[in-house]
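Chemist: sequence first, predicted coordinates after that:
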Amino acid sequence: MANTQTAAGGKPPAHFSGHETFPLRQMWLKKAFEQTVDGGYIKKSTFVDESAIAAFGVGKNMVASIRHWALACGIMFEEGEGFRIGSLAMEILQDGGLDPYAENPTTAWLAHWQLAGRCYRSTTWHWLFNHVTAPTFTRQELEEPLARYARDLDPRHRLSASTLSRDLETCLRSYAPRAAGGSPEDFAEPLLGELSLLQEVHKGQYAFRRGPKASLHDGAFAYALIDFWDRTAEGQSSLAFETVAYAEGSPGRVFKLDEESIAQRLIALADFTGGKLAWTDSAGLRQVHRKNLSKEDRKEMVRRAYG
């Protein structure tokens, strides 16, 4: 929803902590947004001062978690001695905005896109949705492959097994909350749980839910497609169907869409965008084409997703 920062080579730095093991809750992005002053600026001290607990209405660890999620979901980004709210986040979360209380599923889809597609402060989220292909899996089965991935990203950085395990557990619970037991906080529905992207098929065993996503608006899909396009194939006027469906960080992978669903959405984009995105299928070559897409066009796609 806003600017993200990248390391050398254009990839975000690996990040496996910050959430204090709390999945993102529905009102937390709004809680962060409400701390803005001077037209969208938040002081860093807002999250660490003694008054933070009273200001946010949650415990100290949850305040730190809210800060993490607001950064990871692109609601705010670091600027000088504080944080700046992104322009799109401002449109969504301001009082009277598109979705100030994060009740519309589009807000959850955009947050998921930031975490699993853009991958800023959310390496495990990106890895889970882009690299795990097993039909079912447990957290324990994912720990060693994730550790290898982390080592490949940054061989100098030594992460403890417990850090990775906690990050994985938090990631899984973000989409498939615990059914029973645990603390009252575990019963609070995480924002991403409503997307039905992941299900716990047996105790401790998970599976992705692949296929059409009824709550994913064409506007949110188009926004994600253009964002992916800009970051991976900037300057190209066309993109192959296979890239949209299967490339790392693509809408097909991140949203767990099947081929038919992707094709239907791409075909519909011509009408939705007034021809600025168009689908062709000739001689077995399936492509989506773009022309004259401005930043305002992208924001308008998101606005329409809340219509």
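Modeler: Received the coordinates, thanks. Numbering: from 1, shown residues only.
Chemist: residue 24 is in contact with residue 190, isn't it?
Modeler: Yes: taking contact to mean Cβ atoms under 8 Å, the distance of 5.8 Å between residue 24 and residue 190 places them in contact. (C-beta placed from N, C-alpha, C; glycine too.)
Chemist: show me where this protein has helices.
Modeler: 28-33, 52-56, 60-72, 87-93, 105-112, 123-131, 139-153, 161-175, 218-232, 241-246, 251-254, 259-272, 295-305 (DSSP state H).
Chemist: could you give the number of residues near residue 274?
Modeler: When neighbours are counted by other Cβ atoms under 10 Å, residue 274 registers 9.
Chemist: give me the distance between it and residue 268.
Modeler: Taken as Cβ to Cβ, to the nearest Å, the spacing of residue 274 relative to residue 268 amounts to 12 Å.
Chemist: just to revisit the earlier point, so what sits against both of residue 24 and residue 190?
Modeler: Common contacts of residue 24 and residue 190 (Cβ atoms under 8 Å, 6 or more residues apart in numbering): residue 174.
Chemist: out of these two, which sits in the busier spot?
Modeler: residue 24 (25 against 21).
Chemist: show the pLDDT at the more buried one.
Modeler: The score at residue 24 is 97. That number is its pLDDT.
Chemist: how far away is it from residue 108?
Modeler: Taking Cβ to Cβ as the measure, residue 24 falls 9 Å from residue 108.
Chemist: overlap of the contact sets of those two?
Modeler: What both residue 24 and residue 108 touch, as defined by Cβ under 8 Å, 6+ apart, is the set 191-192.
Chemist: residue 94 - how many residues pack around it?
Modeler: By other Cβ under 10 Å, the residues close to residue 94 number 16.
Chemist: tally of neighbours for the residue nearest to it when sequence neighbours are not counted?
Modeler: The shortest distance from residue 94 to any non-neighbouring residue, by Cβ to Cβ, 6 or more residues apart in numbering, is to residue 100 (6.5 Å). As a burial measure, the neighbour count of residue 100 was computed by other Cβ under 10 Å and equals 17.
Chemist: same question for residue 44.
Modeler: For residue 44, which is what you asked about, the neighbour count (other Cβ under 10 Å) is 13.
Chemist: ok, and the closest non-adjacent residue to it?
Modeler: Residue nearest to residue 44 in three dimensions, not counting chain neighbours: residue 82, with 5.2 Å by Cβ to Cβ, 6+ apart.
Chemist: check residue 137 too.
Modeler: For residue 137, the nearest residue in space outside its immediate sequence neighbours is residue 206; the separation is 5.9 Å by Cβ to Cβ, 6+ apart.
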